[in-house]
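*Asks:* Predicted structure and sequence below. I'll ask about it afterward.
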Amino acid sequence: MNADSPTAEEALELVGLPAPDAELSVSEGIIVSDLDEWSVRVSFTAPADEVDAWRQDAFDGADGLPVTRDGATISQRFAGEEVREGARYIDGSNPEDPAAVYTVLVSPEGTDVVVAAARTSR
């Protein structure tokens, strides 16, 4: 990963999402354009009720949109093989820094979460 990439906690804070009460891992994200300053993925696994509580807190109760077929295009920051029918996703940005964007993908089982977080230099 790039030395300038944020930690998992920093990435969530930068895009305006709360850190869950779970062990976080961070990995390099998909770079979409030359304007990306950084792109990381923050992942965590927790019981479905804990993921639901985090989602309720992070998105004021919004459920997100359903994935209707395997391989659906939900974001340039996710490869088709990562997206499965029955999952849910939410796109957004930090209201205080609209260049800090995210797409959250919650597995069909509701236990695995990947946050594709990035900041562009626009």
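*Replies:* Yes, it's here.
*Asks:* now for the biggest helix by length in the chain, which elements pack on it?
*Replies:* Of all segments of type helix in the chain, defined using DSSP state H, the longest is helix 48-58. Identification of packing neighbours for helix 48-58 by 3 or more C-beta pairs under 8 Å, 6 or more residues apart in numbering; DSSP states H and E yields strand 97-106. Using the backbone N, CA and C atoms, a C-beta is placed for each residue, glycine as well.
*Asks:* now the strand it packs on, how far from the chain's geometric center?
*Replies:* In terms of C-alpha atoms, centre = their mean, to the nearest Å, the gap separating the centre of strand 97-106 from the centre of its chain is 6 Å.
*Asks:* Just checking: what are the partner strands of the helix or strand following that strand?
*Replies:* Proceeding N to C from strand 97-106, the next assigned helix or strand is strand 112-120, under DSSP states H and E. Paired with strand 112-120 in the same sheet, following DSSP bridges, are strand 36-45 (antiparallel), strand 97-106 (antiparallel).
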